[in-house]
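Participant: sequence and predicted structure, then a few things I'm wondering about:
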Amino acid sequence: MGFFLTGALPATASAQGANACDQVFSNLPKRTPDRIETGRPCVEQLPNLPVSEQARIAREYARTLPAFIPESEFEDLIAALDPAARLPLEAHFSRYYSHSPDPDTVTKLNDLGTRVTVSNDALARAHYELARGIRIFRLGGDHQEMERRMRVALELARQNDVVGLIPFIHNALAVRAKADGDFVAAVDEYQRALAAFEANDDRASTGIVYANIGNVFSDLGDNLQAIRLYEQAIAIYDEYEPEGSERRVAAKVNRASALSNEGKYEEAVEAFEVVRGENAKVNGNRLTGHINYQNALALYGINRRSDAIAMAETAVPQILEFRDPAEAGAALNWLAARYLEDGKLDDAQSALNRAREIMEPGAEGAAGLLDNPGNTFWALEYAESMGSLLTELGRPEAAAPYFKAALTLSNDRFENEKIEAISNSGLLFELRDRDERIQRMNDRAQISELQLSQSRLQTTLGFALALAIGLVAFLIFRSFTIQKSLAASKDTLISEIHHRTKNNLQLLTSLFNMDARRLVTAEEAHQRQLEAASRARTMAILHDHIYSKASQDEPEVEVKEFFERLLTLLEESFGRKGVTLSRSVQSANMDIGRVTPLGLLISELVTNAYKHAFDENEGHIEFSLVDLGTNIEIEVKDNGVGLPEGISIGDSNGIGMTLIRDLAEQLDSISTVESNSSGTIWTYEIAKKAA
């Protein structure tokens, strides 16, 4: 950069220079721009200090990572230092370039690795192992090798008190786990990273964790939650990072992508235009290809086909140069699909061949994806789209192995054990700053719903509903049994809840199994997954309500708050434009064993109204709960088209009607149903306590 001093400093000046550096370490501002400005005298004088002082200060920087050396100035600073002092900073800087596929990078890293080994410098090696792990991840290398490198870096950092590096290692481990679909491990590592950043008072870097947790939600399909977290990260960067920070650009790119995934294409296209300009200012080559590919998807969403295809074609070489090659494979598959839509079979085949070269370098076909899938997310996308494209090309036999590989990858990514752990591990950490919290139980249920919705591939193959059935039953069962072990003081209460809930689980499972044997379309299967997830979420918010309100001595709960939360959940899950939901809920205490089936009954009635009452017309649903003393009365009323002519509630074997009937019987309710062309009214009178 040309700002370094030359020539030896007098002894007094040397001492002043070293003292200036020590002052920076002990009195760092919180904002990165202020840190850079405060640290500039140290950076300028460091090359002219005695070698021993250069080494001491370089090691302290590599140990604590106080972020007062701009990334753009590292290379010049390292070159200006004495070779005997520069190794720790050189190893730290390797993180920034390690993922480049340029062959010169390999030579550079290998040379650095040799010098780190010869020096036996644990501090430098911790940084070097992290850089190697990042390279493996970014270039789609072997999972186990990447994990090994990261664990070595973490152990060295702990042993040598490299406090500045520890949170970055946890963050990298989390990114790796998330890419493999192991969301439990990912969030655990993100929690550790967040705690370590906070312990270091590195407020700016906490934005990394919020942005990456946003990536988890985005991966699971909850784009609105992802957007909120990206905006949280951006707000942190706005406050603590320099203008034009690549971190901030990355968070804004991800926010724009989430907008696109949510179907807000116009807003996404505008956001991409803004972030493209910001990226150009920071010379963010690492993000350019990703921006262009995601922008292409948004452009396609607003029917700007030619612009979208041209942008995606531009993105492929950019991604290959700076990012995970598997993302380029996904982009090529997307292009192949567009070429097929346009009848350009030769172009489609060419894109597929290029994708194969990237994703199947050993020409092992679909089987090779399972042996080493790299980033599981991209491998799954590749396998699914390759199967679909080969089918459209009239090659079903060639497509079958890809569908099978995609199914295996999907199962690996969303297996029951992971969903169970996510549902019960208290994972989706608290947003401890800005007085915001993610509601623990709502998030458990939300993740469960999202995990279920991720089974779209199994839907295509005919397995989605069966998976949803197992997950819902397993999820609810684990939710209660895990909570039992966590709340010893409520053993008696929980035992009673568990006993009563088993009946509901058996009912749900038998009904789902019955319904699973029916042949359904992909759209119907997807809708049933959403309904199954809604039932799981009903159980989850009920469980949260019980444990926050009930006690062993008073096995009753006040239900007003629970039912209002339930109705809000249903409105968010199934609501649509033109259909409104009003509620009038009186306060009432009820036996906890009866709240579970009643909550499910209300969920089924309101869901049924949303689904069937209005066709494409506007309408209104009213819910009321009235306290009658020893009983309560609930009413669900709509002004829709009424029940189909000739349908008998008692004889219907649809899953919704069967649940309504059996839950009402379980509650020993007195019920009436009135239905005509002006709407339907469901009324139930239910005792607060079991007879």
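Facilitator: Arrived safely.
Participant: from here on, contacts and neighbour counts on C-alpha atoms
Facilitator: Fine.
Participant: now residue 583, what's its secondary structure?
Facilitator: Secondary structure for residue 583, judged by DSSP: H, G, I helix; E, B strand; the rest coil, is strand.
Participant: from residue 559, how far off is it?
Facilitator: 14 Å (C-alpha to C-alpha, to the nearest Å).
Participant: neighbour count for the two, which is higher?
Facilitator: Legend: neighbour count by other C-alpha atoms under 10 Å for residue 583 and residue 559, higher for residue 559 (24 against 16).
Participant: hmm, residue 588 and that one touching each other?
Facilitator: Yes: the pair residue 559 / residue 588 is scored as a contact, 5.9 Å apart, by C-alpha atoms under 8 Å.
Participant: can you tell me the element the residue minimising distance to the centre of the chain falls in?
Facilitator: Nearest residue to the geometric centre of the chain (C-alpha atoms, centre = their mean): residue 216, 1.2 Å. Applying DSSP states H and E as the criterion places residue 216 in helix 203-220.
Participant: ok now that helix, how far from the chain's centre?
Facilitator: Here helix 203-220 is found 8 Å from its chain centre; the criterion is C-alpha atoms, centre = their mean, to the nearest Å.
Participant: can you list the residues that contact that helix?
Facilitator: Residues outside helix 203-220 that contact it (C-alpha atoms under 8 Å, 6 or more residues apart in numbering) are 30-32, 171, 175, 178, 183, 187, 190, 193-194, 197-198, 223, 225-230, 232-234, 236-237, 239-241, 247, 251, 254, 258, 447, 450-451, 454.
Participant: please pick the buried ones from these.
Facilitator: Among the contacts of helix 203-220, those buried by neighbour count (16 or more other C-alpha atoms under 10 Å) are 30-32, 171, 175, 178, 183, 187, 190, 193-194, 197, 223, 225-227, 229-230, 232-234, 236-237, 239-241, 247, 251, 254, 258, 447, 450-451, 454.
Participant: quick one: mean pLDDT over stretch 183-194.
Facilitator: Averaged over stretch 183-194, pLDDT sits at 82.
Participant: sorry, wrong one. I was asking about stretch 47-66.
Facilitator: What stretch 47-66 shows for mean pLDDT is 93.
Participant: list the buried ones in it?
Facilitator: If you call a residue buried by 16+ other C-alpha under 10 Å, then stretch 47-66 has these buried ones: 47-51, 53-55, 57-66.
Participant: thinking again about what came up before, what residues of the helix holding residue 216 count as buried?
Facilitator: Using 16+ other C-alpha under 10 Å as the test for burial, helix 203-220 gives 203-220.
Participant: residue 194 touches residue 166, doesn't it?
Facilitator: No: when contacts are counted by C-alpha under 8 Å, residue 194 is not listed as touching residue 166 (10.5 Å).
Participant: now go through the contacts of helix 203-220 and say which are in helices.
Facilitator: Residues of the contacts of helix 203-220 located in helices (DSSP state H): 32, 171, 175, 178, 183, 187, 190, 193-194, 197-198, 223, 225-230, 232-234, 236-237, 239-240, 247, 251, 254, 258, 447, 450-451.
Participant: for the stretch 451-600 of the chain, give me the ranges with low pLDDT.
Facilitator: Scanning the stretch 451-600 of the chain with the threshold set as pLDDT under 70 gives 451-555, 573.
Participant: how far is stretch 151-169 from where the chain is centred?
Facilitator: That offset, for stretch 151-169, works out to 25 Å (C-alpha atoms, centre = their mean).
Participant: could you do stretch 278-288 as well?
Facilitator: Distance, centroid of stretch 278-288 to centroid of chain: 24 Å (C-alpha atoms, centre = their mean).
Participant: same question, stretch 291-306
Facilitator: With C-alpha atoms, centre = their mean, you get 23 Å for stretch 291-306.
Participant: who touches that stretch?
Facilitator: Here stretch 291-306 makes contact (C-alpha under 8 Å, 6+ apart) with 253, 257, 260, 263, 265-266, 268-269, 272, 276, 307-309, 311-312, 314-316, 331.
Participant: and if you look at stretch 76-87?
Facilitator: 1, 4, 43, 46-47, 51-52, 54-56, 58, 89-90, 116, 124.
Participant: and with 10 Å instead?
Facilitator: 1-6, 43-44, 46-59, 62, 69, 74, 88-90, 93, 112, 115-116, 119, 121, 123-125 (C-alpha atoms under 10 Å, 6 or more residues apart in numbering).
Participant: repeat for stretch 144-156
Facilitator: Outside stretch 144-156, the residues that reach it (C-alpha under 10 Å, 6+ apart) are 122-137, 140, 157-158, 160-162, 165-170, 172-173, 176-177.
Participant: mark which of those residues are part of helices, please.
Facilitator: 122-137, 157-158, 166-170, 172-173, 176-177.
Participant: what subset of the residues you listed is buried?
Facilitator: 122-137, 157, 166-170, 172-173, 176-177.
Participant: ok, back up a step: hey, what's in contact with both of residue 583 and residue 559?
Facilitator: residue 625.
Participant: intersection of neighbour lists for residue 559 and residue 588?
Facilitator: Counting by C-alpha under 10 Å, 6+ apart, the contacts common to residue 559 and residue 588 are residue 625.
Participant: need the pLDDT of residue 404.
Facilitator: In this model, residue 404 is scored at 74, pLDDT.
Participant: likewise for residue 40?
Facilitator: Residue 40 is given a pLDDT of 90.
Participant: alpha carbons only: can I get the helix or strand harbouring it in PDB?
Facilitator: Residue 40 belongs to helix 32-45 when assigned by DSSP H and E. Coordinates of each C-alpha in helix 32-45 appear next as PDB, following Å, rounded to 0.1, in the frame of the first residue of the first chain:
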ATOM      1  CA  THR A  32     -13.900  -1.900  13.100                       C
ATOM      2  CA  PRO A  33     -13.300   1.400  11.300                       C
ATOM      3  CA  ASP A  34     -12.200   2.900  14.600                       C
ATOM      4  CA  ARG A  35      -9.900   0.000  15.300                       C
ATOM      5  CA  ILE A  36      -8.200   0.400  11.900                       C
ATOM      6  CA  GLU A  37      -7.700   4.100  12.400                       C
ATOM      7  CA  THR A  38      -6.400   3.500  16.000                       C
ATOM      8  CA  GLY A  39      -4.100   0.800  14.900                       C
ATOM      9  CA  ARG A  40      -2.600   2.600  11.900                       C
ATOM     10  CA  PRO A  41       0.400   4.000  13.800                       C
ATOM     11  CA  CYS A  42       1.200   0.400  14.900                       C
ATOM     12  CA  VAL A  43       0.900  -1.000  11.400                       C
ATOM     13  CA  GLU A  44       3.000   1.800  10.000                       C
ATOM     14  CA  GLN A  45       5.800   1.400  12.500                       C
END
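Participant: in it, what counts as buried?
Facilitator: 32-36, 38-45.
Participant: looking at those residues, which is nearest residue 607?
Facilitator: Nearest to residue 607 out of those is residue 32 (C-alpha to C-alpha; 50.2 Å).
Participant: hang on, the earlier thing: now, the buried residues of stretch 47-66 that are in helices?
Facilitator: Using DSSP H, the buried residues of stretch 47-66 in helices are 51, 53, 54, 55, 57, 58, 59, 60, 61, 62, 63, 64.
Participant: need these in CSV (columns: distance to residue 602).
Facilitator: CSV is the format used below for those (distance: C-alpha to C-alpha, whole Å):
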residue, distance to residue 602
51, 75
53, 72
54, 70
55, 69
57, 66
58, 65
59, 63
60, 62
61, 60
62, 59
63, 58
64, 55
